[in-house]
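S.K.: Below is the sequence, then the predicted model.
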Amino acid sequence: MPEQSNDYRVVVFGAGGVGKSSLVLRFVKGTFRDTYIPTIEDTYRQVISCDKSVCTLQITDTTGSHQFPAMQRLSISKGHAFILVFSVTSKQSLEELGPIYQLIVQIKGSVEDIPVMLVGNKCDETQREVDTREAQALAQQWKCAFMETSAKMNYNVKELFQELLTLETRRSMSLNIDGKRSRSPVHSRLWQADLWLQDKLDPGKPSPGQPPGAPHATTSPFPGQPGWGEPDPTQGPTRPRSQCWPGWGHLKAPGDVLSDSRGLLSIPCRGA
């Protein structure tokens, strides 16, 4: 295992051109570049909260080339957490992550206590080669988390890194410097959806934090989505909204996956 230090080392792997550098630069600097510049290895640092103190989040953006296996092994041996990036427009880029994941398992011995996130980038693109369900199935097989992002549109970028820190069980980590481990935006949306569903199933019962007699929300917690009882544009003008929203599966039993088939989010369903 890597020695404990004031640095928390996150290593980003993926084939060339999938958007590894774009994700890191969008997160660290808030910028995006359209041109592709191959990376050998770059390291970026950002101060974060760690165990009621501060530490440095060190993000290593690795090469997409297979010409530097020694560098790959060294990055894995020193890493505390890993982001495996593929492009939803390239199935080959997903397949190329297999050997990297196996190398992580081989070097670390086990990934049970190591945060690993499978990330499908470029979810804003319409020409997909990788279906969301296919990537979800692979993430379940690897026992890691899964999220789709768009560095170009700045979608789920900060959420990605916050969620990765949330998966860390050996330390209390947060992007918030004040030391408070806040609910990540991903879990915040799930919490909002849970309250929304509760309001639908039991309209007479106030939601947590809501005073009795207060009006209940009828709009979706997700921007741009219709609320309960409003027409579902994906099902025609006469079908009312039920326990689903466009592109999302129905809420089922606890442990089921509530997933956005358009590739925006994948989070566990807490049940109806």
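M.R.: Received, thanks.

S.K.: Residue 72: neighbour count?
M.R.: For residue 72, the count of nearby residues is 21 (other C-beta atoms under 10 Å). (Glycine included, C-beta is placed from N, CA and C.)

S.K.: Look up which helix or strand it falls in, please.
M.R.: Take DSSP states H and E as the rule and residue 72 turns out to sit in helix 69-78.

S.K.: pLDDT averaged over that helix, what's the number?
M.R.: The average of the pLDDT scores along helix 69-78 is 90.

S.K.: Next secondary structure after it?
M.R.: Following helix 69-78 in sequence, per DSSP H and E, is strand 81-87.

S.K.: List the contacts of that following strand.
M.R.: 8-15, 17-20, 23, 76, 93-94, 96-97, 100-101, 104, 114-122, 125, 130, 135, 144, 160, 164-165, 167-168 (C-beta atoms under 8 Å, 6 or more residues apart in numbering).

S.K.: Put the buried members of the residues you listed into a PyMOL selection.
M.R.: Typed into PyMOL, the next command selects the buried ones out of the contacts of strand 81-87 (criterion: 16 or more other C-beta atoms under 10 Å):
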select buried, resi 8+9+10+11+12+13+14+15+17+18+19+20+23+76+93+94+96+97+100+101+104+114+115+116+117+118+119+120+121+122+130+135+144+160+164+165+167+168
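
S.K.: among the contacts of strand 81-87, which are in strands?
M.R.: Among those, the members falling in strands (DSSP state E) are 8-14, 116-121.

S.K.: So which of the residues you listed is the closest to residue 140?
M.R.: Taking C-beta to C-beta as the measure, residue 140 lies nearest residue 118 of those, at 9.8 Å.

S.K.: Would you confirm that the closest one contacts residue 142?
M.R.: Yes. Residue 118 is within contact range of residue 142, at 6.8 Å (criterion: C-beta atoms under 8 Å).

S.K.: where does the stretch 151-272 of the chain dip in pLDDT?
M.R.: 173, 177-272 (pLDDT under 70).

S.K.: how does it look with 80?
M.R.: Low-confidence segments of the stretch 151-272 of the chain (pLDDT under 80): 169-173, 175-272.

S.K.: Okay, buried residues for the helix or strand encompassing residue 137 please.
M.R.: Counting by DSSP H and E, the element that carries residue 137 is helix 132-142. For helix 132-142, a neighbour-count test (16+ other C-beta under 10 Å) marks 132, 135-136, 138-139, 142 as buried.

S.K.: avg pLDDT for that helix?
M.R.: 96.

S.K.: Determine the set of other helices and strands touching it.
M.R.: helix 91-95, strand 116-121, strand 145-148, strand 257-259, strand 266-268 (3 or more C-beta pairs under 8 Å, 6 or more residues apart in numbering; DSSP states H and E).
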